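Student: Got a predicted structure here, sequence first:
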Amino acid sequence: MSVAVPDTAETRAIIEDKAQLVSYLEAGCKPKAEWRLGTEHEKFAFLTDTLRPVPYDGERSIKALLEGLAARFGWTPAMEGDKIIGLTDPAAYGNVSLEPGGQFELSGAPLENVFQTCQEVHEHLAQVREVGDELGIGFLGLGFNPLWKREDIPVMPKGRYKIMREYMAKKGNLGRDMMLRSCTVQVNQDFSSEADMRQKMRVSLALQPVATALFAASPFTEGKPNGFKSFRSEIWRDTDPDRTGMLPFVFDDGFGFEQYVDYAIDVPMYFVNRGGDYLDCSGESFRAFMAGELPQLPGEKPSMKDWADHITTIFPEVRLKKFIEQRGADAGAWRRLCALPAFWTGLLYEQASQDAAWDLVKDWTADQRQALRDEVPVRGLEASIAGRSLQDIAIEVLAICRAGLETRNVQGPAEQTEAKFIDVLDEIAQSGKSNADELLALYEGNWNGDVTRVYRDFAF
């Protein structure tokens, strides 16, 4: 949500017609040899003595954490006005950013394989723990905060977040909870052509509920079970119907870059950034902006940077930019952070596995896909589609995934392939028990109904 769009000659170009927007997405096509994967993950920062949210300012704060990482590990501060709001690493092209409620996000570099992205995650967690330990700040990976109320959480000083928060209150009941109290892990992947993009989008949308079920880790709200395996996933069903969902048009004949552009143009705007200031354009039409009719900037047409900013404010289950974003998983423990890039790489980066995954889902109807997506937040792997349990489907999907990873044959220590990273998912699928089920069992058992134990037993 929070990655800055670079200022380049391409992004400064003024939009004169829709074809430029189509070309922008099409420019993401690259040969298989150049495909990369990028992993992004968020985590809750908390004060270790009180388990309360970390404020932005102060001796023990998000600001102090960012400044400590910059001073010790060579990150470059990213500023908004006089406020540090993130970190960049020009050498590796990754960055650290802040979600609205202070969730700490690593937006990883585009890397060649899962071993590399897992090492990146490990190094990042080691860095934040080293600085965080000195400040009395810990980090927790779950899909939804298990303890805090919405009003307890400080909002980070980023102009776009104020606009989004106020607009979301008009569009759904849970959008502000998404902003302040949820965490995700997602994977960014490449495509070679429009046809490859099309099939990857279709497979990803159809199977996103499988990822949601396997990674479900948000069963608590304000200290009590909330009735969901993935409350984070449920939140997206009541955030903003104009910019979320399963994108049924992706399965229409002839879907391609232009059809996605048509959809994105008609998603209402949030803002325009001018000189570092965010102009509130919430609810306005990007199509009108292209015609020079945006009320906030009369007579002005958007740049390609405005377009790049705009498509970052669209939040479907799978998002298309110059790459594909897999958005369905709850944040979780370290092993699961590495499992998500392995899951989608195994399914989509070998053609035989991608075709097998498509054969599995191609006969599902739009209504069936939507019903599954609606059922998964509550039932997880106990959900069903087309007469089959999602647990059975997950087992089959993971077999396809493992075959793809073994075909890639990228080897790490002890000649293991990337398939080692989905072992944890196989355990979940075979048992039918996700992280959410494990947490609920602990709550009813050893924790004696005390959710605060999660901060001790599951913090990074």
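Tutor: Arrived safely.

Student: Excluding chain neighbours, what is closest to N273?
Tutor: D309 (6.2 Å; Cβ to Cβ, 6 or more residues apart in numbering). Yep, even glycine has a C-beta here, placed from its N, CA and C like the rest.

Student: Give me the neighbour count for that neighbour.
Tutor: By other Cβ atoms under 10 Å, 21 other residues sit near D309.

Student: what about it, helix or strand, and which?
Tutor: Here D309, judged by DSSP states H and E, is contained in helix 304-311.

Student: Check Q296 too.
Tutor: Per DSSP H and E, there is no helix or strand for Q296.

Student: for it, what are its contacts?
Tutor: Shown in contact with Q296 (Cβ atoms under 8 Å, 6 or more residues apart in numbering): V272, L279, D280, C281, E284.

Student: The third one and F271 touch, don't they?
Tutor: Yes: with contact defined as Cβ atoms under 8 Å, D280 counts as touching F271 (6.2 Å).

Student: Tell me which of those two has more neighbours.
Tutor: Taking neighbours as other Cβ under 10 Å, D280 and F271 compare with F271 leading, 23 against 18.

Student: The closest residue to the more buried one other than its chain neighbours pairs with what?
Tutor: The shortest distance from F271 to any non-neighbouring residue, by Cβ to Cβ, 6+ apart, is to Y278 (4.6 Å). Assessed by DSSP bridges, Y278 has beta-bridge partners N273.

Student: Compute the distance between Y278 and V272, please.
Tutor: Distance, Y278 to V272, by Cβ to Cβ, to the nearest Å: 7 Å.

Student: How about T313?
Tutor: As defined by Cβ to Cβ, T313 lies at a distance of 11 Å from V272.

Student: Between those two, which is the more surrounded one?
Tutor: Set T313 next to V272 and count neighbours by other Cβ under 10 Å: V272 wins out with 23 against 20.

Student: The residue nearest to F271 and M269 touch, don't they?
Tutor: No: counting by Cβ under 8 Å, Y278 sits too far from M269 to count as a contact (11.4 Å).

Student: So in this protein, which strand runs the longest?
Tutor: Using DSSP state E, we find that the single longest strand of the chain is strand 37-47.

Student: Name the residues contacting each of D280 and F271.
Tutor: Jointly contacting D280 and F271 under the rule Cβ under 8 Å, 6+ apart are I163.

Student: what about the protein, any weak spots by pLDDT?
Tutor: Scanning the chain for pLDDT under 70 picks out the ranges 1-7, 9, 90, 92-93.

Student: Centroid-wise, who is the farthest residue in it?
Tutor: What lies farthest from the middle of the chain is G299; by Cα atoms, centre = their mean that is 35.3 Å.

Student: Helix, strand, or coil at that residue?
Tutor: Following DSSP: H, G, I helix; E, B strand; the rest coil, the label given to G299 is coil.

Student: mind checking which helix or strand the residue nearest to it when sequence neighbours are not counted is in?
Tutor: Nearest residue to G299, sequence neighbours excluded (Cβ to Cβ, 6+ apart): G292, at 5.2 Å. In the assignment (DSSP H and E), G292 maps to no helix and no strand.

Student: isn't G292 right up against P302?
Tutor: No: taking Cβ under 8 Å as the definition, G292 is not a contact partner of P302, at 9.3 Å.

Student: For the stretch 201-350 of the chain, which segments are assigned as helices?
Tutor: Along the stretch 201-350 of the chain, counting by DSSP state H, counting those that start in this stretch, helices occupy 231-235, 257-265, 286-290, 304-311, 334-348.

Student: from those helices, which stretch is densest packed?
Tutor: Comparing these by mean neighbour count (mean count of other Cβ atoms under 10 Å), helix 231-235 ranks first with a mean of 28.

Student: Quick check: the residue nearest to Y167 when sequence neighbours are not counted vs M179, distance?
Tutor: Of all residues not flanking Y167 in the chain, S282 sits nearest, at 3.9 Å (Cβ to Cβ, 6+ apart). For S282, the distance to M179 equals 14 Å [Cβ to Cβ].

Student: More neighbours: these two, which one.
Tutor: M179 (23 against 17).

Student: burial count for the closest residue to that one other than its chain neighbours?
Tutor: If the residues on either side of it in the chain are set aside, M179 comes closest to P100, at 4.0 Å by Cβ to Cβ, 6+ apart. Using other Cβ under 10 Å, P100 has 23 neighbouring residues.

Student: In stretch 27-42, which residues are buried?
Tutor: Residues G28, C29, W35, R36, L37, G38, T39, E40, H41, E42 are the ones in stretch 27-42 that count as buried (16 or more other Cβ atoms under 10 Å).

Student: Quick check: the farthest pair among those?
Tutor: Maximum pairwise distance in the buried residues of stretch 27-42, criterion Cβ to Cβ, is 28.9 Å, between C29 and E42.

Student: Report the contact partners of the closest residue to A45 other than its chain neighbours.
Tutor: Once flanking residues are discounted, A45 sits nearest to V54: 4.4 Å by Cβ to Cβ, 6+ apart. For V54, the contacting residues are A45, F46, L47, R60, S61, I62, L65, G102, I137, P154, by Cβ under 8 Å, 6+ apart.

Student: Quick check: M290 vs G38, distance?
Tutor: Computed as Cβ to Cβ, the M290 to G38 distance reads 29 Å.

Student: Also G256?
Tutor: Counting by Cβ to Cβ, the gap from G256 to G38 is 23 Å.

Student: Isn't E80 up against Y161?
Tutor: No: with contact defined as Cβ under 8 Å, E80 does not reach Y161; the gap is 10.3 Å.

Student: Show me which of these two is the more surrounded one.
Tutor: Higher neighbour count among E80 and Y161: Y161, with 22 against 18, using other Cβ under 10 Å.

Student: Much appreciated, bye for now.
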